[in-house]
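Engineer: my questions concern the predicted model and sequence given below.
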Amino acid sequence: MSRPLTPPIHSERMTLRWGEMDAMHHLNNVAYFRYFEQARISWIEALGVNVQGDLESFVLATTTCRFLVPAVYPCNVVVELWAQRVGNASFTLSQVMRRDGGDETVYADGEAVLVWIDTATGKSKALPDHIRKALQPAG
């Protein structure tokens, strides 16, 4: 997956932590998913969604990651999110983790499918208009 040409719907700078390195001295594969998750949660909270108690919220249906280049401590990264497919109750986000500054090496990319649900029933619901609008490219 290459980086989309449109601006991301969310971009977040983060710093790798020493404790996330594995026996090969690069970022452990599980940590990439955590960085993607943190960017998604920050974006969701910026939309005003309380991820711990609203009557309606998101649930993660699937997530993928392609490990392209090992990230090595010390390193600052940027995780960027783009909306790809928007359905009635779900959408797909593209996610990219790259070096912050310098050559902007892409360490990993992937996708996440999120579904809007009624938290009491666990059943999917149509995406609210304000979420749909937030999924549109800027410009």
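Structural biologist: Received the coordinates, thanks.

Engineer: quick one, helices of the protein?
Structural biologist: Using DSSP state H, the helices of the chain run over residues 29-46, 129-134.

Engineer: buried residues in the strand ranked longest in the chain?
Structural biologist: In the chain, ranked by residue count with DSSP state E as the criterion, the top strand is strand 106-118. For strand 106-118, a neighbour-count test (16 or more other CB atoms under 10 Å) marks Val106, Tyr107, Ala108, Asp109, Gly110, Glu111, Ala112, Val113, Leu114, Val115, Trp116, Ile117 as buried. Bear in mind the C-beta positions are built from the backbone N, C-alpha and C, glycine included.

Engineer: one more: stretch 94-110?
Structural biologist: Going by neighbour count (16+ other CB under 10 Å), the buried part of stretch 94-110 is Ser94, Gln95, Val96, Met97, Arg98, Arg99, Val106, Tyr107, Ala108, Asp109, Gly110.

Engineer: before we move on, what about stretch 120-132?
Structural biologist: Within stretch 120-132, the residues that qualify as buried by neighbour count (16+ other CB under 10 Å) are Ser124, Leu127, Ile131.

Engineer: from Pro70, how far out is the first one?
Structural biologist: This points to Ser124. When CB to CB, to the nearest Å is applied, the distance between Ser124 and Pro70 equals 37 Å.

Engineer: and the last one, by the same measure?
Structural biologist: According to CB to CB, Ile131 stands 35 Å off from Pro70.

Engineer: list the contacts for Gly60?
Structural biologist: Rather than Gly, residue 60 is Leu. With contact taken as CB atoms under 8 Å, 6 or more residues apart in numbering, Leu60 is in contact with Arg40, Ala112, Val113, Leu114.

Engineer: noted, bye for now.
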